[in-house]
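K.L.:
show me the folded form of this:
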Amino acid sequence: MATIYDVAKEAGYSISTVSKVLNNSTNVSERARKKVQQAITALGYVPSSSARTLATKKSQMIGVVFSENLGVGMAHPFFGPVIEGFRQFVDIYNYDLLFVSRSIKGEENYTDQLIRRGVDGIVIFSTDSDRSDLQIYRELGIPCIFIDTDVHEFNSVFSDNYQGAKMAVAHLVGLGHKKIAHIHGESSGFVGQERMRGFMEAVKENHLHLPPAYSVNGGFYSADGGRSAMMELLRLPEPPTAVFVSGDQMAIGAIQAIKEYGLRVPDDISVVGFDDIEIAKYMEPALTTVAQDKEKIGQQAGVIVIDSIMTPDRLPVRKVIPVRLIKRATTASPKLA
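P.N.:
Prediction:
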């Protein structure tokens, strides 16, 4: 029995184009419509239940796409609580989740998988700056929401990274620190840019004069990246007395580097992280950090995507989730000169 994938292959178009023809969408060229219809006739194709649910929006399924640089997906300590908060909310409406990979599998890519399964909505967990797939999401005509990045033409939910960075610096300044460095995440990504912007604004507001060498790229939020970046700071002729690190995993690596250098946290150098991952409160010393409300991010994403499914013509929603500073044991006043 022929499938929608067979029709797409025969016609020379994507599954999304075939589904648009099947659903009588006006957003298809006459040439494409004719080729698809010819393929349907030639193959004797009968629309499957998945194709029919796409037309009626009754699949009760939401696609989940991970687009992040570390390649760990749900194993990342940020994503687990977010997806659980999302799952719990959409479960109220009897929605199941379909996890797909962005990698190409044979001749069918992940967007074709979403179309073939007839998902009613898509949630994209994004930590990178790659926007090459935006046109694909536009053409799908399916409600989408981005998590952890700001995409103005789509629904998006993310933490207040800018204010969180300012909170971290204000805390260190309040303790008496003036030589505050920043280990930032990959600066091409939205999160890294916003946390760096908040840090720089806080430096300006507090009249701190910091050398360019006090800003170091820790890469894609890994412990190894944080360790390497901290080593750069420790080798400076005048190292900082405090460091705001743009992610808890990087902060763990930074603290390791400080200890390897024979120094102590916070006696010699104070450290503030960002994320409040589970291990942060169990470290020795426990990590002072900016907490993201990960469960609320997931819940709000669920609210928005369900509303978008029920009201397809609604304008995109941009939701910023507040953060809070968690004071623990990695920050203290600097030593007297």
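K.L.:
use CA for all of it now, contacts and neighbours both
P.N.:
Noted.
K.L.:
give me the phi and psi for Met61.
P.N.:
Dihedral angles of Met61 (phi, psi; degrees, to the nearest 10) stand at phi -140, psi 140.
K.L.:
quick check, it in contact with Leu98.
P.N.:
Yes. Contact status for Met61 versus Leu98: in contact at 6.7 Å, counting by Cα atoms under 8 Å.
K.L.:
which of those two has more neighbours?
P.N.:
Met61 (21 against 15; other Cα atoms under 10 Å).
K.L.:
residues contacting the more buried one?
P.N.:
Shown in contact with Met61 (Cα atoms under 8 Å, 6 or more residues apart in numbering): Tyr95, Asp96, Leu97, Leu98, Gly118, Val119, Asp120, Gly121.
K.L.:
redo that, cut-off 6 Å
P.N.:
Shown in contact with Met61 (Cα atoms under 6 Å, 6 or more residues apart in numbering): Tyr95, Asp96, Leu97, Val119, Asp120.
K.L.:
any idea how many residues pack against the third one?
P.N.:
Using other Cα under 10 Å as the criterion, Leu97 is surrounded by 19 other residues.
K.L.:
phi, psi for it please.
P.N.:
phi -110, psi 140.
K.L.:
what ranges does the chain have for its helices?
P.N.:
4-11, 15-22, 30-43, 49-56, 79-91, 110-116, 134-140, 161-174, 190-205, 223-234, 248-260, 294-310 (DSSP state H).
K.L.:
quick revisit: would you turn the contacts of Met61 into TSV with pLDDT and distance to Asp248?
P.N.:
Below are the contacts of Met61 laid out as TSV (pLDDT from 0 to 100; distance: Cα to Cα, whole Å):
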residue	pLDDT	distance to Asp248
Tyr95	93	32
Asp96	94	31
Leu97	95	28
Val119	92	34
Asp120	93	35
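K.L.:
buried ones only from those, please, as a PyMOL command.
P.N.:
This is the PyMOL syntax for the buried subset of the contacts of Met61, where burial follows 16 or more other Cα atoms under 10 Å:
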select buried, resi 95+97+119+120
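K.L.:
got a pLDDT number for Val169?
P.N.:
With respect to pLDDT, Val169 scores 98.
K.L.:
now swap in Arg264 and tell me
P.N.:
97.
K.L.:
then His209?
P.N.:
Reported pLDDT for His209: 89.
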